[in-house]
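>>> coords please:
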Amino acid sequence: MADNGPVTPEDFAALLTPEGHALLDSLRDYDPAQEIAVATRLRREHPAALVSAALGQARLRQRAVAKFGAEDAHRMYFTPGGGEMATRASVAAYRAERLAALGVRSLADLCCGIGGDALALARLDIRVLAVDHDPLTAAVARANAEALGLADMIEVREADVTEVDTAGYDAVFIDPARRGGRGRIFDPESYSPPLSWAIATARSAKVAAIKIAPGIPHEAVPPEAQAEWISDQGDVKEAVLWFGTAPGEIRATLLPGPRALATADPLPDPEAGPVGRYLYEPDGAVIRAHLVAEVAEQLGGRLIDPTIAYITADELHETPYATSYEITDVLPFGLKKLKALLRERGVGILTVKKRGSAIEPEELRKKVKPQGPNSATVFLTRVAGAPSMLIGSPTGRP
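This is a model prediction of the structure:
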C-alpha cells in the first residue's frame with residue numbers, strides 16, 4: 001500500500017495470494033531508503049501494481065511494530081490511516097479484559113477499522129461482529145482475523161454501522177472516526193457517526209463503550225456514563241465512555257498495570273503554596289480526568305500555582321500516578337541566570353518540561369547551550385502566578 005497513491009480492494013486482494021504473501025515475507029526487513037532499487041529488482045519478476053502495494057504494506061508493517069509488537073505487526077495488514085487510528089495493542093487488550101470481566105461473551109464492534117480491538121476481544125474468546133462501511137478497511141480487518149487465526153471468532157461486515165442490529169450481543173463498542181480530509185475533528189458531533197448517535201446506541205445496550213478523543217470536555221460526558229482516560233507508559237492514548245458499569249464515575253487508568261484512580265465525588269481543587277523539596281508531575285490521564293486533587297491528597301501535597309497541575313510536597317512519597325523530582329532551585333524566569341547555573345554545574349544533558357510557559361523546550365536548549373557530563377531537569381512554569389524555573393532531577397522512585 002504505497003503512500004504515493006490510493007489502493008483499491010483489488011490491489012489489496014493481490015497481497016493475499018501466495019505470490020503476495022511470498023513477496024511480503026521477503027520485504028520484512030527491507031530498508032525503505034533502498035526502495036527504488038528494491039522496486040526495480042522486484043518488478044522484473046512481479047506485476048508493478050503488486051510490487052507497489054507490497055512495498056507500501058511493508059512500510060506500514062514496520063511502523064506498526066511500535067503499536068502492535070513485531071510478531072503481530074509483520075503478520076497483519078494495514079491501511080495508511082487505519083494503522084494510525086487503530087487502538088494500541090496494550091490498550092485494546094486492557095479494554096478486552098474489562099469487558100470479559102463484565103461477563104461479555106459477544107460484542108458488536110462498530111467502526112472496527114483494521115480490527116485492532118476485535119483481535120484483542122477474540123483472543124479472550126469473545127465473539128465479535130466487526131463492522132466498517134469502507135470496503136478496503138473491511139477487507140483488511142477480515143484479512144487480519146485470518147492472519148492471526150481468529151477468523152472463527154470474528155465476523156467482518158461491510159455496512160453502515162447506523163443500520164446494524166446489535167440486539168443479539170452482550171455489548172457494543174463504538175469507535176467513531178475522528179479524522180477527516182483536513183485532519184483531526186474536534187467537534188464530537190462531527191465524528192462519523194456523531195457522538196450523539198453513539199451515545200444513544202450505547203444507552204440501548206446492556207454494556208457499551210465509546211472510544212473518544214481524550215480532550216473531550218467533562219461537561220459533554222452523559223451523567224449515566226463512566227468516563228475513563230487511559231495512558232500507556234505515560235502517554236495519554238484515549239478516553240472511553242462506559243455504559244452499564246459505574247454511572248457518574250471518573251477514572252484514570254495507567255498502563256502497564258493497570259493501575260486505576262477513580263471517584264464519583266471529585267475533590268475540590270487543592271490549595272496552592274510554596275515549592276517544597278519535591279515536585280510531582282501527575283500522569284496525563286490523571287490530569288485529563290481532573291483527578292489531580294486526589295493525588296495531591298494522597299501525597300499530602302499542594303499545587304505550586306492554582307492554574308498549574310504540578311504538585312509539591314516537603315516529603316517524598318511513592319505513587320504510581322505521578323513522577324517525582326527532587327528540586328534544588330526555584331528561580332524567577334531568566335535565560336542568562338539559567339545558562340550560568342547550568343554551566344556552573346556542568347549540565348550537558350538537559351530535560352526541559354513546560355506547563356504554563358510560552359517558550360518551547362528546543363528554543364530554550366539552543367539559547368542555554370548545555371555542556372558537561374551532568375544531567376538536570378528544568379521546569380518552565382508559574383509559581384504563585386510568576387513565570388519561574390524549577391531545577392532538579394528525578395528521584396528514581398515511582
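
>>> do a quick rundown of the strands in the stretch 51-200 of the chain.
In chain order, the stretch 51-200 of the chain shows strands spanning 106-110, 127-132, 154-158, 171-174, 179-180, 183-184, with DSSP state E, counting those that start in this stretch as the criterion.

>>> of those strands, which shows the lowest average pLDDT?
Of all the strands of the stretch 51-200 of the chain, mean pLDDT reaches its minimum on strand 179-180 (a mean of 65).

>>> the bottom helix or strand of this protein by mean pLDDT?
Of all the helices and strands that make up the chain, the one with the lowest confidence by mean pLDDT, DSSP states H and E is strand 179-180; it has a mean of 65.

>>> tell me, how many residues neighbour A296?
With neighbours defined by other CB atoms under 10 Å, the count for A296 comes to 23. From N, CA and C alone the C-beta is placed, and that goes for glycine too.

>>> that one against A309, yeah?
No. Contact between A296 and A309 fails when scored by CB atoms under 8 Å: they sit 9.7 Å apart.

>>> need the overlap of contacts for those two.
Counting by CB atoms under 8 Å, 6 or more residues apart in numbering, the residues touching both A296 and A309 are L303.

>>> select, out of the strands of the stretch 51-200 of the chain, the one closest to A260.
Using CB to CB as the criterion, the shortest distance between A260 and the strands of the stretch 51-200 of the chain is 19.1 Å, found for strand 171-174.

>>> so what does the one helix or strand T40 maps to touch, helix or strand wise?
Secondary-structure assignment from DSSP states H and E places T40 in helix 35-42. Here helix 35-42 touches helix 48-68, going by 3 or more CB pairs under 8 Å, 6 or more residues apart in numbering; DSSP states H and E.

>>> show me what the helix it packs on is packed up against.
The contact analysis (3+ CB pairs under 8 Å, 6+ apart) places helix 48-68 against helix 9-15, helix 18-26, helix 35-42, helix 70-73, helix 80-85.

>>> output those helices as JSON lines; include the columns mean neighbour count.
Formatted as JSON lines, the helices and strands packed on helix 48-68 follow (neighbours: other CB atoms under 10 Å):
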{"stretch": "helix 9-15", "mean neighbour count": "17"}
{"stretch": "helix 18-26", "mean neighbour count": "15"}
{"stretch": "helix 35-42", "mean neighbour count": "14"}
{"stretch": "helix 70-73", "mean neighbour count": "15"}
{"stretch": "helix 80-85", "mean neighbour count": "18"}
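
>>> can you redo the ones you listed as TSV with distance to V383 and mean pLDDT?
Conversion of the helices and strands packed on helix 48-68 to TSV gives the following (distance: least, CB to CB, whole Å; pLDDT from 0 to 100):
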stretch	distance to V383	mean pLDDT
helix 9-15	56	91
helix 18-26	55	94
helix 35-42	51	92
helix 70-73	45	96
helix 80-85	38	86
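
>>> pLDDT weak spots in the stretch 51-200 of the chain?
Low-confidence segments of the stretch 51-200 of the chain (pLDDT under 70): 179-183, 185.

>>> in what helix or strand does the residue nearest the centre of the chain lie?
To find the centre residue of the chain, average its C-alpha atoms and take the closest one (CA atoms, centre = their mean): that gives K237, at 2.1 Å. K237 belongs to strand 235-243 when elements are defined using DSSP H and E.

>>> after that strand, which helix or strand is next?
Counting by DSSP H and E, the next helix or strand C-terminal to strand 235-243 is strand 250-255.
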